[in-house]
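Participant: return atomic coordinates for the entry below.
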Amino acid sequence: MKYSLYLIGLALLFSGDIFAQTSPPPAYFQLVKQADTLFQEKKYQLSASTYNEAFSTFNGRAILNDRYNAACAWARSGKPDSAFFHLFKVASAGKYADEQHLAIDSDLVSIHKDSRWKDLMTIVRNNKTALEAQYNQPVKKELEAIFASDQYYRRKADSIQNKFGFKSPQMQSLLDSMKAQDKVNRQQVTAILDKYGWLGPDKVGNTANLTLFAVIIHADLNTMERYFPMLKEAVEKNAASKGNLAYLQDKIESAKYHYQTYGTQLNKDEKTNKFSFVPIKDKEHVNERRAAVGLPPIETYAKQWGITNY
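Facilitator: As a prediction, the model looks like this:
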């Protein structure tokens, strides 16, 4: 593609175990994918059991989002004990603090009247208070506003491209606006990085932390190369995710050498609208490298983008 149109989803930013020194094996991601599919098919009991299988491949550990989803599956299965087991793990070990989401999640309605629900909400509420007390609030608010502007035009890109075409005046107008906003965002974020370094979720929260990555990944090659060492150091200090570092490495390699290491970068055929991978170095071992940084198998990623030949 001529310009980066991809949305930066919060799913790229894993919490809890993702910042640990070890990452889940490929089998973990395969089983989680199966569990997700079973949940969508409303096969809740089987979904919950499959989540447990996934966690067993990782010595009982789990990525925060996956453990939360497992709790939802158990709750839907009418097994409150198992649901609370995972939810308390999320709240206590994962430092989960999204009180609002927890309260309105329809998958957990069946356990709201359980006496343990109040205790769970208390832990989550205390987590939120403790985390927010440590935040650099002015920088957090600034970064969250930047994130919203970074995503604003990208959220419109697919619908405009599909309706008018990539080379249409409407699409070019959107790209021009996007580039202008990216320039403003880059100036603001690099000023923050130069002053504070790469601020982790414990300093500014998940969304603001992700903003640093989102703006740098959408910047020019010189900017990406300049801040790559800073992101790498942040990963070593558990202040950023290995997956995001891998993504930035691939972006730099794709621009400079026309190959990539982890298989995160795609090309899009403007005529067919079909995606393909930028050539992957040592493709036979790409899943080993992806697993080491907490990314799902390349097959899962390919299916997501409708890629059949790679």
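Participant: how close does S241 sit to S254?
Facilitator: S241 sits at a distance of 19 Å from S254 (criterion: Cβ to Cβ, to the nearest Å). All C-beta atoms are positioned from the backbone trio N, CA, C, and that covers glycine.
Participant: an error on my part: the question was meant for K118.
Facilitator: 50 Å.
Participant: these two - which one has more neighbours?
Facilitator: S254 (20 against 10; other Cβ atoms under 10 Å).
Participant: what are the ranges of the strands in this protein?
Facilitator: With DSSP state E, the ranges of strands along the chain come out as 266-268, 275-277.
Participant: need the residues that contact the last one.
Facilitator: Going back to what we said before, that points to strand 275-277. For strand 275-277, contacts defined as Cβ atoms under 8 Å, 6 or more residues apart in numbering pick out 260, 263, 265-269, 302, 305-307, 309-310.
Participant: what's the answer for the first one, then?
Facilitator: By Cβ under 8 Å, 6+ apart, the surrounding residues in contact with strand 266-268 are 1, 274-278, 305, 307.
Participant: just stretch 162-174 next, same as before
Facilitator: The contact list for stretch 162-174, computed with Cβ under 8 Å, 6+ apart, reads 153, 156-157, 160-161, 270, 273.
Participant: can we see that at 6 Å?
Facilitator: 153, 160-161, 270 (Cβ atoms under 6 Å, 6 or more residues apart in numbering).
Participant: check stretch 44-60 too.
Facilitator: Taking Cβ under 6 Å, 6+ apart as the rule, stretch 44-60 contacts 24-25, 27-28, 31-32, 34-35, 38-39, 62, 70, 73-74, 76-77.
Participant: could you chop this protein up by domain?
Facilitator: 17-134, 137-304 (automatic domain parsing).
Participant: with mean pLDDT as extra columns, can I get those domains in JSON lines?
Facilitator: Shown next, in JSON lines, are the domains of the chain (pLDDT from 0 to 100):
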{"stretch": "domain 17-134", "mean pLDDT": "90"}
{"stretch": "domain 137-304", "mean pLDDT": "94"}
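Participant: all helices of the stretch 201-310 of the chain, in order?
Facilitator: 201-204, 206-217, 221-236, 242-257, 286-292, 298-304 (DSSP state H, counting those that start in this stretch).
Participant: pick the most buried one from the ones you listed.
Facilitator: Ranked by mean neighbour count, the helices of the stretch 201-310 of the chain are led by helix 206-217 with a mean of 24 (mean count of other Cβ atoms under 10 Å).
Participant: so what touches that one?
Facilitator: 8, 13, 140, 143-144, 146-147, 150, 185-186, 189, 200-201, 227, 244, 248, 251.
Participant: and for K113, the neighbour number?
Facilitator: 9.
Participant: distance of it relative to Y44?
Facilitator: Taking Cβ to Cβ, one finds K113 at 19 Å from Y44.
Participant: how about stretch 166-185: buried residues?
Facilitator: 166, 171, 174-175, 178, 181-182, 185 (16 or more other Cβ atoms under 10 Å).
Participant: from the chain's centroid, how far away is that stretch?
Facilitator: Mean C-alpha position of stretch 166-185 versus that of the full chain (Cα atoms, centre = their mean, to the nearest Å) differs by 24 Å.
Participant: do stretch 176-189 as well
Facilitator: On Cα atoms, centre = their mean, the centre of stretch 176-189 falls 22 Å from the chain's centre.
Participant: could I get that stretch in CSV with only the CA atoms?
Facilitator: The C-alpha coordinates for stretch 176-189 follow below in CSV (Å, rounded to 0.1, in the frame of the first residue of the first chain):
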residue,chain,number,x,y,z
ASP,A,176,-4.1,14.3,2.6
SER,A,177,-5.9,15.0,5.8
MET,A,178,-4.5,11.9,7.4
LYS,A,179,-0.9,12.9,6.5
ALA,A,180,-1.4,16.4,7.8
GLN,A,181,-2.7,15.0,11.1
ASP,A,182,0.0,12.5,11.3
LYS,A,183,2.6,15.2,11.1
VAL,A,184,1.0,17.2,13.9
ASN,A,185,0.8,14.0,16.0
ARG,A,186,4.4,13.1,15.3
GLN,A,187,5.6,16.5,16.5
GLN,A,188,3.6,16.1,19.8
VAL,A,189,4.6,12.5,20.5
